[in-house]
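Novice: Following is a predicted model, sequence given first.
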Amino acid sequence: MSYENILTETQGKVGVIRLNRPKALNALNDQLMTELGEALLAFDADEALGCIVITGSEKAFAAGADITVMAGYNYMDVFKGEFITRNWETIRRVRKPVIAAVAGYALGGGCELAMMCDFIIAADTAKFGQPEVKLGIVPGAGGTQRLPRAVSKAKAMDLCLTGRMMDAQEAERAGLVSRVVAADKLMDEALAAAITIADMSQPVVAMIKDSVNRAYESTLSEGIKYERAMFYSCFATEDQTEGMKAFMEKRPPNFKNQ
Ligand code: CO8
């Protein structure tokens with residue numbers, strides 16, 4: 001499939017999506033988000049793949065939703081047009097793990113998109129922020145909801161209310177990103193993590209993703225119950241038999257995704 005605002009490729013068992021509107025620092029417009037959703041669903045449906053990486057350019061993962069488009073919107077345009085819900089959250093339907101590899105700016109909708117991924121690996125050049133307040137709007141794709149869950153109320157309030165950016169080190173200390181790497185190693189690190197994941201048992205990987213996400217949407221006792229059910233169901237898989245047998249035979253497992 002050919003796209004105008006993103007580039008896609010596969011590297012072994014990993015699907016890579018690069019946001020590609022360099023002149024606008026990958027500002028997220030309707031067409032880009034539709035293409036991103038289509039590419040994500042296509043990779044998710046491809047049984048040869050086990051993990052997906054979303055990245056941007058050296059200068060910007062994405063500098064937010066496209067302000068030049070939003071500037072012309074009125075209430076009915078966004079309400080009736082289902083701005084955001086129409087095509088921004090397709091990523092939430094993806095069962096395979098999605099890693100955000102972030103260099104440069106991840107602002108507004110760009111930061112929100114990164115937070116919709118399963119984890120973020122940041123280049124030391126990355127800058128995160130929710131600058132919407134400076135435009136006279138509130139974050140609209142989860143910034144006020146996912147950020148406090150990731151970095152604490154204090155840090156989320158600070159970022160959303162002042163609109164300031166935080167650098168990669170601060171983001172790592174705050175728990176927003178899982179690791180910070182040198183900018184020229186960003187894709188190597190993200191791909192290495194993705195390949196590691198893609199070599200695991202894919203049904204088990206999907207269960208882990210689902211189970212960790214439950215931690216954000218249920219009480220602890222409900223989440224624990226859900227995890228227990230997932231754990232028990234692993235014992236119905238051939239991959240559990242293979243994983244434990246391989247350990248005892250001191251060899252790498254050969255998972256069949258069964
Ligand atoms: N939208 C449209 N164009 C943009 C955006 C953007 N978000 N960000 C940058 N650009 C464009 C600039 O206008 C400029 O274009 P041109 O060359 O034609 O003038 C080009 O990209 C390069 O940008 P700068 O010259 O400004 O580059 P600098 O290095 O000087 O500055 C910054 C980089 C600091 C990132 C600066 O561009 C900036 O502040 N950008 C805006 C950041 C921002 O406010 N983002 C939040 C947007 S609001 C939002 O995301 C709401 C999300 C709601 C949910 C999602 C719904 C879809």
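Specialist: Great, that's in hand. Numbers count the residues shown, from 1 in each chain.

Novice: And for stretch 188-202, what's in contact with it?
Specialist: For stretch 188-202, contacts defined as C-beta atoms under 8 Å, 6 or more residues apart in numbering pick out 11-14, 16, 49-53, 55, 96-97, 99, 101, 121, 179, 181, 205, 237, 239-240, 243, 255, 257. Bear in mind the C-beta positions are built from the backbone N, C-alpha and C, glycine included.

Novice: Show me where the stretch 101-250 of the chain has its helices.
Specialist: 109-116, 143-151, 153-162, 168-174, 186-198, 202-217, 220-234, 238-248 (DSSP state H, counting those that start in this stretch).

Novice: Buried only: go through the contacts of stretch 188-202 for me.
Specialist: With neighbours counted by 16 or more other C-beta atoms under 10 Å, these contain buried members at 13-14, 16, 49-53, 55, 96-97, 99, 101, 121, 181, 205, 237, 239-240, 243, 255.

Novice: Show me these that map onto strands.
Specialist: Residues from these lying in strands, with DSSP state E as the criterion: 14, 16, 51-53, 55, 99, 101, 121, 181.

Novice: For those, could you give me JSON lines that also reports distance to Gln31 and pLDDT?
Specialist: Below are these laid out as JSON lines (distance: C-beta to C-beta, whole Å; pLDDT from 0 to 100):
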{"residue": "Val14", "distance to Gln31": "25", "pLDDT": "98"}
{"residue": "Val16", "distance to Gln31": "20", "pLDDT": "98"}
{"residue": "Cys51", "distance to Gln31": "26", "pLDDT": "98"}
{"residue": "Ile52", "distance to Gln31": "20", "pLDDT": "98"}
{"residue": "Val53", "distance to Gln31": "21", "pLDDT": "98"}
{"residue": "Thr55", "distance to Gln31": "19", "pLDDT": "98"}
{"residue": "Ile99", "distance to Gln31": "24", "pLDDT": "98"}
{"residue": "Ala101", "distance to Gln31": "22", "pLDDT": "98"}
{"residue": "Ile121", "distance to Gln31": "27", "pLDDT": "98"}
{"residue": "Val181", "distance to Gln31": "31", "pLDDT": "98"}
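
Novice: of those residues, closest to Phe79?
Specialist: Ile52 (31.3 Å; C-beta to C-beta).

Novice: returning to what we had before: so which of the helices of the stretch 101-250 of the chain gets nearest the ligand?
Specialist: With C-beta to the nearest ligand atom as the criterion, the ligand lies closest to helix 109-116 of these, at 3.4 Å.

Novice: ok, that closest one near the ligand or not?
Specialist: Yes. Contact of helix 109-116 with the ligand (C-beta under 6 Å from any ligand atom) involves Gly109.
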